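**Q** Only the shape, not the letters, is given here:
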């Protein structure tokens, strides 16, 4: 592209007060705002209703060409397919085994609003769609713009299938809470990445090499557990005899691992959640975990899974 042409287009999208030679640089310094509805993106102006986005947020979610179209031609369509976002919302709900009524109760809206969101002939308020997407573990920014809205298909299958064959371990409410936790984990890691200018996964995490060694007759699992605990301290620079006052600090600051405390059925202690490339820990605050020392052990247990278990 001609340099002068690119410069002009950058100014059209991000304003003359912005600076930089690339869309990313311009977006960071831009005061321009965008607003999106269920299926369109437009330059913000008073009176428009919808989700207001900064130039950086809009650029990260969509593409420079989409922003340019919105700036030059007015409201531009985000819809990748005529069935979106209804198809992505319905498919996700069905894969999770969640009824319309249960999803509506969880989100705090009318059942008809959920049905409308799954109807390709009805346009819904973007904030209703966003809340539904969050509960289903979808990326609300990508509704309409991408089939599946960035949802981890494997996570949906895992949450639905745990315990099948006898009795499902997870109730519909627990499935939704863990799926919503997956959304929180992915969103937190994206925001932290923006603030720190880093990749999604911290550099420290890359130093842990997953192990499928779970012990055998000559090498008990507990012995390998002690070895991995020692190795974890070495990687984190924690002396063997040093106490660890707050495991939350280890998760948040040393490892960059999102840590959530949520309300689940008492028999569930916690879970290690993988949402695409984003991984985090959810710990139940009910049941045995009401005791802070038990909860501390649960955090350590789930952290061990996250750091050392293979993805499988």
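**A** Noted; the coordinates are in hand. Not measured: the values here are computed from a predicted model. Residues are numbered from 1 along each chain as shown.
**Q** Which residue comes closest to residue 56 once chain neighbours are left out?
**A** Nearest non-adjacent residue to residue 56, counting by CB to CB, 6 or more residues apart in numbering: residue 27, 4.4 Å away. Using the backbone N, CA and C atoms, a C-beta is placed for each residue, glycine as well.
**Q** Check the offset of the strand or helix carrying that neighbour from the chain's centre.
**A** Assigned by DSSP states H and E, residue 27 belongs to helix 23-29. Helix 23-29 has its C-alpha centroid displaced from the chain centroid by 24 Å (CA atoms, centre = their mean, to the nearest Å).
**Q** Pull out the buried residues from it.
**A** 23, 26-28 (16 or more other CB atoms under 10 Å).
**Q** got the contact list for the nearest residue to residue 304 once chain neighbours are set aside?
**A** Nearest in space to residue 304, with sequence neighbours left out and distances taken as CB to CB, 6+ apart, is residue 228 at 6.8 Å. By CB atoms under 8 Å, 6 or more residues apart in numbering, the contact list for residue 228 reads 211, 304, 307-308.
**Q** ok, and residue 228, which helix or strand is that part of?
**A** Following DSSP H and E, one finds residue 228 within helix 221-236.
**Q** all helices in the chain, in order from the N-terminus.
**A** 3-14, 23-29, 55-61, 64-73, 86-96, 100-107, 111-117, 126-135, 153-161, 172-196, 221-236, 247-249, 292-308 (DSSP state H).
**Q** circling back: could you tell me the angle between the helix holding residue 228 and helix 292-308?
**A** 80 degrees (axes from the mean of the first three to the mean of the last three CA atoms, to 10 degrees).
**Q** before we move on, back to that, hmm, the residue nearest to residue 56 is touching residue 55, no?
**A** Yes. Counting by CB atoms under 8 Å, residue 55 is a contact partner of residue 27 at 4.4 Å.
**Q** confidence score at residue 163?
**A** On pLDDT, residue 163 comes in at 54.
**Q** What of the one 10 residues further on?
**A** pLDDT recorded at residue 173 is 91.
**Q** Hmm, residue 102 and it touching each other?
**A** Yes. The criterion here is CB under 8 Å, and residue 173 meets it with residue 102 at 7.3 Å.
**Q** More neighbours: which of those two?
**A** residue 102 (19 against 15; other CB atoms under 10 Å).
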